[in-house]
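Structure for the following, please:
(chains A and B)
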Amino acid sequence: MPGDLGRSRLLRASCAVLLAILLATAVAAQQPPANPIDRWNRMSPEERERELAKLPPGRARQIRQRIARYNQMRPEEQKALRDRYDTFSHLPPDKQQIVRDRLREFRRLPQARQPVVHREVVRLRSLPEAQRQASMNGDEFHSQFSPQEQQIIRDLTAYMAN
Amino acid sequence: MNCPIQSRDPEKLVAYAAGALDPESARALEQHLMGCADCRSMVADQAAVWQALNAWEAPPVSPDFDERLYRRIEQGVPFSWWERLTRPFRPMSLRQALPLTASAGVLLVAGLLLYHPDYIAPAARSGEIVRANQVERTLDDLDLLRQFGTADSGESAHPDAR
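Numbering: from 1, shown residues only, chains lettered A, B, ... in the order given. Predicted structure coming up:
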């Protein structure tokens, strides 16, 4: 019957719309909470300038430049960094401090060692907890990495996303 | 004779229902119809279609319809701007247009949520003040996290991004 056909089409279209709404809601819910830089970007230019005016001009200029650099990052790169910061910001303050300290130590490692340590953190994070511990207690781990590198790897593996 | 449905020759049944089959073939088919319910059913359906078409009367057109139509074509101004604008939407009823419009709207909102969450949350604008010190600390953390994240990609990180 034409009437039934019309009703059936209407019903299907309504279901599709409902599904799309649910999808949009789920997508919106997955958006991580904005970090301070994103929140800063949402402030009006006048509000931003008012805040920066409280700092010495040199520091204010540096902040402007660094924010500009963040805003100019490629979207996928910015998203990866945002996700990493999101994980970091959910750590308790003492753990955040440990991660900061280890990242600073990581930054001071020789250039050639940095990728090696990073790869080890990524590898260990992909392992189940028991295997990870076994690997970090193994002779190979101790022979391949210096005590400082081992500490960096242990802490970053425990607290950081890749 | 072979069954027209089984031998994939339903045109014969259509022609019969339309009275377009020659007398000899029609007689042969009528004999077949006595023993084949599927063909009988199809012929009955076709007959109903023809009956409906015969019963349908086209609404009368004005006597000078053709003359006016050809004059309009010759003038080369077929429709007003409003007619041209609304013509593509005219065959669509409200019932068809509503779910389509709603779906398009939902997709638009989902797209905005995905790529420009700021557009959806204008209330967040200017609502919250982020201190410049907090921004600076976050930039420090982001630099550390970024450098760790890019350590294995060969990309030169900025040890001192300030």
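
how much space is there between the residue most central in space within chain A and A:Pro36?
By CA atoms, centre = their mean, chain A has its centre lying nearest to A:Arg84, at 1.6 Å. To A:Pro36, A:Arg84 is 15 Å away according to CB to CB, to the nearest Å. For every residue, glycine as well, the C-beta is placed using N, CA and C.

and what of B:Gln6?
76 Å.

wait, doesn't the residue nearest to the centre of chain A sit right on B:Gly149?
Yes - assessed by CB atoms under 8 Å, A:Arg84 is found in contact with B:Gly149 at 5.9 Å.

buried ones in stretch A:90-107?
Using 16 or more other CB atoms under 10 Å in any protein chain shown as the test for burial, stretch A:90-107 gives A:Ile98, A:Val99, A:Arg100, A:Arg102, A:Leu103, A:Glu105, A:Phe106, A:Arg107.

And the contacts of it?
Residues from elsewhere that reach stretch A:90-107 (CB atoms under 8 Å, 6 or more residues apart in numbering or on different chains): A:88-89, A:114, A:117-118, A:148, A:151-152, A:155-156, A:159-160, B:141, B:144-145, B:147-148, B:151, B:159.

Filter the residues you listed down to the buried ones.
Buried members of the contacts of stretch A:90-107, scored by 16+ other CB under 10 Å, are A:88, A:114, A:117-118, A:152, A:155-156, A:159-160, B:141, B:144-145, B:147-148, B:151.

ok, of the residues you listed, which one's closest to A:Arg66?
Top of the list for closeness to A:Arg66, among these and by CB to CB, is B:Asp141 at 11.8 Å.

which SSE is the closest one in?
helix B:132-149 (DSSP states H and E).

Is there proximity between that helix and chain A?
Yes - using CB under 8 Å from any CB of the partner chain, we find that helix B:132-149 touches chain A at B:132, B:134-139, B:141-149.

Kindly report the same for stretch B:41-56.
No - if you take CB under 8 Å from any CB as the test, stretch B:41-56 misses chain A, and the best it gets is 13.4 Å.

Only alpha carbons, please: show that stretch as CSV.
Once non-C-alpha atoms are left out, stretch B:41-56 reads as follows in CSV (Å, rounded to 0.1, in the frame of the first residue of the first chain):
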residue,chain,number,x,y,z
SER,B,41,-1.6,-14.9,-11.3
MET,B,42,0.8,-12.8,-13.4
VAL,B,43,-1.8,-12.5,-16.2
ALA,B,44,-4.4,-11.4,-13.6
ASP,B,45,-2.0,-8.7,-12.2
GLN,B,46,-1.2,-7.5,-15.7
ALA,B,47,-4.9,-7.4,-16.5
ALA,B,48,-5.5,-5.3,-13.4
VAL,B,49,-2.8,-2.8,-14.5
TRP,B,50,-4.3,-2.5,-17.9
GLN,B,51,-7.8,-2.1,-16.4
ALA,B,52,-6.5,0.7,-14.2
LEU,B,53,-4.8,2.4,-17.1
ASN,B,54,-8.0,2.2,-19.2
ALA,B,55,-10.0,3.6,-16.3
TRP,B,56,-7.7,6.6,-15.8
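
how far away is A:Ile98 from A:Leu52?
Separation of A:Ile98 from A:Leu52 (CB to CB): 31 Å.

where do the helices sit along chain B?
With helices called from DSSP state H, chain B shows them at B:11-17, B:23-35, B:37-55, B:65-75, B:81-86, B:94-115, B:117-120, B:132-149.

and stretch A:54-68 with chain B, contact?
Yes - Stretch A:54-68 is in contact with chain B by CB under 8 Å from any CB, via A:Lys54, A:Leu55, A:Arg59, A:Ala60, A:Gln62, A:Ile63, A:Arg66, A:Ile67.

Measure how buried the third one is and give me the count.
I take that to be A:Arg59. Residue neighbour count, defined by other CB atoms under 10 Å in any protein chain shown, stands at 15 for A:Arg59.

That one in helix, strand or coil?
Using DSSP: H, G, I helix; E, B strand; the rest coil, the structure places A:Arg59 in helix.

what does the second one give?
A:Leu55 carries the three-state label coil when classified by three-state DSSP.

Name all residues that make contact with the nearest residue to it once chain neighbours are set aside.
Leaving aside its chain neighbours, A:Leu55 sits nearest to B:Ala132 (5.4 Å; criterion: CB to CB, 6 or more residues apart in numbering or on different chains). For B:Ala132, the contacting residues are A:Glu51, A:Leu52, A:Lys54, A:Leu55, A:Ala60, A:Ile63, by CB under 8 Å, 6+ apart.

Report the buried members of these.
Buried members of the contacts of B:Ala132, scored by 16+ other CB under 10 Å, are A:Glu51, A:Leu52, A:Leu55, A:Ala60, A:Ile63.
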